[in-house]
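Chemist: Just to be clear, the model below is a prediction. Sequence and coordinates:
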Amino acid sequence: MKLVESRSYQPGHHETVPLIGNYNLQSTEEYLTFLYRTLASSQRLESHTEGIKLLLESGIKRFGAEIALVLRPVSSQKAQVLAYAGGGDSFYINQHIEITDSFCERVLNEKETCVYANVLAEDVKPSPAAYNGVQVGAYLGTFVNAQNSDPAILCFISSASLVEEKVVKDVFLLELLAEGVAFMVDLQKAHAQRKLTDQAMFALGSVKSLDEYLEQARIPEVFGVPARVVEVLERRVGQAALSIGHIAEELNLSKRTLQRRLQQQDVNFAELRDQVRFHYAIDYLIKQHMSIDGISAALDFSDRTSFTNAFKRWTGLSPSTFRKLFRDYV
């Protein structure tokens, strides 16, 4: 065993979530690349629970283990399973398992990395009741020190002994993997808290559901000249200016004539354009993940501030707040 020195890890951004099969996880360089890209892609994972499991599965393959567990101590004797990989039906999420007289207890109490390549050769052996009675031939465990969540333990178990030289060599990867799990656990907790906040806001009526906003932003059903205006506006969104002068020119009408014909049908050009802009703004924010500056330009606003003010007028929310509220609903 050895004392763990904490390390900081700042993931960047990557567009895709890597698949384990794309990497040779026995290559240290490729394993480090895999860890980095997984964390950098964390916002694009379907769920942070799946992200944690992806990390655990990579550790199983790297260390030659059969079971991976993330455990949160709930008492001096038991721990709750936060995540697991491998092990068949031996474990399930939120299950409470015995950790008394186990290697996990030592990791927790001493906050150390605990590695045994051959448990049978050691004087200290886990209690038969520990780990649901799963046979432990080799054990790798370390402390998970999340910033905004309860402390936890990350461990890998093999029923057979492992090559000691390789296990010792991989200690730093185990510790780095624990930092990645801590990062994911914090994201998972933040996501859950955001969901609760969103639900409270919906319940209070201060925020509508996404379906209500989509209905509010629906392209209006109009006929005649207003329908032609909408058609031209949609064609020009993201491509060209959306001023009334440009629209009139494309329709081979003067600006005054276009205004008059719209007024005859009790339609205001600015309101019609706003509706089209609102419709595309939601699509760009939620589905296409465009930047606020990019959306402002695509919808022909003079600057980011003008777009933000318009979006607040339409929804009562800033574009960035709207995206944070609904990015997980599509």
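Modeler: Ah, there it is.
Chemist: use CA for all of it now, contacts and neighbours both
Modeler: OK.
Chemist: Tell me who's in contact with Val313.
Modeler: For residue 313 the amino acid is Arg, not Val. By C-alpha atoms under 8 Å, 6 or more residues apart in numbering, Arg313 lies in contact with nothing.
Chemist: Next, the buried residues of the helix or strand harbouring it.
Modeler: In this structure, Arg313 sits in helix 304-315 according to DSSP states H and E. Within helix 304-315, the residues that qualify as buried are Phe307, Thr308, Ala310, Phe311, Trp314, Thr315, counting by 16 or more other C-alpha atoms under 10 Å.
Chemist: Now distance to Ala248 and pLDDT too, for those residues, in CSV please.
Modeler: Below are the buried residues of helix 304-315 laid out as CSV (distance: C-alpha to C-alpha, whole Å; pLDDT from 0 to 100):
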residue, distance to Ala248, pLDDT
Phe307, 23, 95
Thr308, 27, 93
Ala310, 23, 94
Phe311, 25, 94
Trp314, 25, 92
Thr315, 29, 90
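Chemist: Closest one to Leu177 out of these, please.
Modeler: The shortest separation between Leu177 and any of the buried residues of helix 304-315 is 40.1 Å, and it belongs to Thr308 (by C-alpha to C-alpha).
Chemist: Tell me if I'm right that that closest one and Thr321 touch.
Modeler: No: between Thr308 and Thr321 there is no contact, the gap being 10.6 Å when judged by C-alpha atoms under 8 Å.
Chemist: ranges for the strands of the stretch 51-200 of the chain?
Modeler: According to DSSP state E, counting those that start in this stretch, the stretch 51-200 of the chain carries its strands in the segments 67-73, 78-86, 96-98, 112-116, 138-144, 152-158.
Chemist: would you list those in CSV and tack on mean pLDDT and distance to Lys166?
Modeler: As requested, these are exported to CSV (pLDDT from 0 to 100; distance: least, C-alpha to C-alpha, whole Å):
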stretch, mean pLDDT, distance to Lys166
strand 67-73, 94, 18
strand 78-86, 92, 21
strand 96-98, 91, 29
strand 112-116, 91, 11
strand 138-144, 94, 12
strand 152-158, 94, 14
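Chemist: Let's have these in a markdown table, adding distance to Leu210 and mean neighbour count.
Modeler: Shown next, in a markdown table, are those (distance: least, C-alpha to C-alpha, whole Å; neighbours: other C-alpha atoms under 10 Å):
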| stretch | distance to Leu210 | mean neighbour count |
| --- | --- | --- |
| strand 67-73 | 35 | 25 |
| strand 78-86 | 31 | 21 |
| strand 96-98 | 38 | 21 |
| strand 112-116 | 46 | 23 |
| strand 138-144 | 36 | 27 |
| strand 152-158 | 36 | 27 |
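Chemist: so which of those strands gets nearest Tyr213?
Modeler: Taking C-alpha to C-alpha as the criterion, Tyr213 comes closest to strand 78-86 out of those, the separation being 35.5 Å.
Chemist: Need the contact partners of the closest one.
Modeler: By C-alpha under 8 Å, 6+ apart, the surrounding residues in contact with strand 78-86 are 49, 52-53, 56-57, 60, 66-74, 91-100.
Chemist: Kindly calculate the angle that that strand makes with strand 67-73.
Modeler: Regarding strand 78-86 and strand 67-73, their directions subtend 160 degrees when assessed with axes from the mean of the first three to the mean of the last three C-alpha atoms, to 10 degrees.
Chemist: Arg228 - nearest residue in space that isn't next to it in sequence?
Modeler: The spatial neighbour of Arg228 that comes closest, neighbours along the chain excluded (C-alpha to C-alpha, 6 or more residues apart in numbering), is Leu251 at 8.0 Å.
Chemist: Give me the distance from the helix holding Arg313 to the chain's centre.
Modeler: Remark: helix 304-315 is offset 27 Å from the chain centroid, using C-alpha atoms, centre = their mean, to the nearest Å.
Chemist: And stretch 172-192, by the same measure?
Modeler: When C-alpha coordinates are averaged (C-alpha atoms, centre = their mean), stretch 172-192 and its chain have centres 12 Å apart.
Chemist: wait, Ser158 sits on Leu69?
Modeler: No: using C-alpha under 8 Å, Ser158 and Leu69 do not qualify as a contacting pair, with a distance of 11.8 Å.
Chemist: ok, now how distant is Phe103 from Ile153?
Modeler: Relative to Ile153, Phe103 is positioned 10 Å away (criterion: C-alpha to C-alpha, to the nearest Å).
Chemist: so where is the chain shaky, pLDDT-wise?
Modeler: Residues of the chain meeting the criterion pLDDT under 70: 1-17, 43-47, 191-206, 328-330.
Chemist: cutoff 80 now
Modeler: 1-18, 41-48, 123-125, 128-129, 188-208, 327-330 (pLDDT under 80).
Chemist: which strands and helices sit next to the host helix or strand of Gly294?
Modeler: Element membership for Gly294 (DSSP H and E) is helix 292-298. In terms of contacts (3 or more C-alpha pairs under 8 Å, 6 or more residues apart in numbering; DSSP states H and E), helix 292-298 is packed against helix 304-315.
Chemist: Sounds good, over and out.
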